[in-house]
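> Whatever this is, show me its structure:
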Amino acid sequence: MILLKIAYEKINKRPAPYYYDYSIFKLMGKPIRKWVANVVAPNCVFNKTRIFLYRLCGFKIGKRCFIGMHCYFDDLCYKSLQIGDDVVISYGVYFALHGKSQGKGNHPVVIGNKAYIGMRASIISKNADNTRNGVCIGEKAIIGACTLVNRDIPAGAKAVGVPCRLIG
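Sure, this is the predicted structure:
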């Protein structure tokens, strides 16, 4: 790759992009991790196998968790997602950790122990009130189905709606 980087810089007379510094193994590993995280793991029928595959891809998942089928975990920012112990993530939950206004992995998502996230919820890592980087879902918090979580949820709270608001 170093020869390609030197050739690119000589031909284009500007610095080579960041991925010219990657090793050949990292370049081959990224699409494989993406395929496992987005195709194999979400469609796996067994929860323990699904969690094993997500952990193999680098996601930090606690003990005794349940992750439903067809969840989307952002494979580009796998180090920014932390899931606590005894967490239940229902079917089809979407975790967005990077994007145009979010940056890349600068905003972590932390899910506390014994939290519950309802079916088809979306967790966006850019905090809406800009008080801090990322989103934290507190311990024993409950997120309703189809909720858009774009701010911190305190421990033991219930959040529903688009965007989320606290109830009860």
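> per-residue confidence for residue 100?
As predicted, residue 100 sits at a pLDDT of 62.
> what does residue 103 give?
57.
> With residue 16 instead?
Residue 16 carries a pLDDT value of 90.
> Contact partners for it?
4, 5, 8, 9 (C-beta atoms under 8 Å, 6 or more residues apart in numbering). Every C-beta, even on glycine, is put in place using the N, C-alpha and C of the backbone.
> Including pLDDT and neighbour count, could the residues you listed go into TSV?
TSV is the format used below for the contacts of residue 16 (pLDDT from 0 to 100; neighbours: other C-beta atoms under 10 Å):
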residue	pLDDT	neighbour count
4	85	10
5	88	15
8	89	15
9	91	13
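> Run a quick neighbour tally on the nearest residue to residue 4 once chain neighbours are set aside.
Leaving aside its chain neighbours, residue 4 sits nearest to residue 20 (6.3 Å; criterion: C-beta to C-beta, 6 or more residues apart in numbering). The number of residues packed near residue 20 is 16, by other C-beta atoms under 10 Å.
> cool, and residue 2?
Around residue 2 there are 9 residues (other C-beta under 10 Å).
> start the count at 14, not 1, going forward
Yes, from this point I'll number from 14; that puts the last item at residue 15.
> I'd like to know how far it sits from residue 22.
11 Å (C-beta to C-beta, to the nearest Å).
> how about the nearest residue to residue 126 once chain neighbours are set aside, what does it touch?
Spatially, and ignoring its direct neighbours in sequence, residue 126 is nearest to residue 97 (3.9 Å; C-beta to C-beta, 6+ apart). For residue 97, the contact set (C-beta under 8 Å, 6+ apart) comprises 75, 123, 124, 125, 126, 127, 128, 152.
> Good, wrapping up.
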